[in-house]
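**Student:** Quick one, structure for this:
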Amino acid sequence: MTAAPAESRETRLRRLHMRSMRRGTKEMDILLIRFAGARLDQMDAPALDAYEALLEENDQDLYQWISGQVPPPEAHAPLVAEIARVAANG
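**Tutor:** Model prediction:
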């Protein structure tokens with residue numbers, strides 16, 4: 001059995017943009033697509049890995065973390081803070 005070919009950066013960015021805007025809750029769609037548009041193109045592979053891991057989280061948890069209602073897990077704290085900054089600065 002052969003491994004699947006590696007995904008190109010361009011394909012990965014398109015996929016992450018799509019996942020950012022098709023979350024399930026309108027609030028998270030708005031917050032994450034704004035962040036994706038502002039930051040994804042500038043992120044290196046490890047940062048994209050962290051963002052992709054964050055996208056696996058539940059929308060209700062993400063919203064509470066980004067809005068500051070509940071502190072995020074340590075692993076997500078820097079990225080959540082960055083998303084919150086982008087959201088606050090329009």
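**Student:** contacts, neighbours, all on C-alpha from now
**Tutor:** Will do.
**Student:** can you give me the offset of the host helix or strand of Ala47 from its chain's centre?
**Tutor:** Taking DSSP states H and E as the criterion, Ala47 maps to helix 45-55. Using CA atoms, centre = their mean, to the nearest Å, the distance from the centre of helix 45-55 to the centre of the chain it belongs to is 7 Å.
**Student:** Stretch 29-49 too?
**Tutor:** That offset, for stretch 29-49, works out to 6 Å (CA atoms, centre = their mean).
**Student:** distance between the ends of that stretch?
**Tutor:** 19 Å (CA to CA, to the nearest Å).
**Student:** Model confidence at the residue most central in space within the chain, what's the number?
**Tutor:** For the chain, the residue nearest the mean C-alpha position is Tyr51 (4.3 Å; CA atoms, centre = their mean). The model reports Tyr51 with a pLDDT of 98.
**Student:** again, but for Thr2
**Tutor:** 59.
**Student:** ditto for the one 5 residues further on
**Tutor:** In the predicted model, Glu7 carries a pLDDT score of 89.
**Student:** Report how many residues lie close to it.
**Tutor:** 9 (other CA atoms under 10 Å).
**Student:** Output the below-cut-off pLDDT ranges for the chain.
**Tutor:** 1-5, 90 (pLDDT under 70).
**Student:** Do a quick rundown of the helices in it.
**Tutor:** 9-21, 26-39, 45-55, 59-66, 77-88 (DSSP state H).
**Student:** Next, the angle from the fourth one to helix 77-88.
**Tutor:** What that stands for is helix 59-66. Calculated by axes from the mean of the first three to the mean of the last three CA atoms, to 10 degrees, helix 59-66 forms an angle of 80 degrees with helix 77-88.
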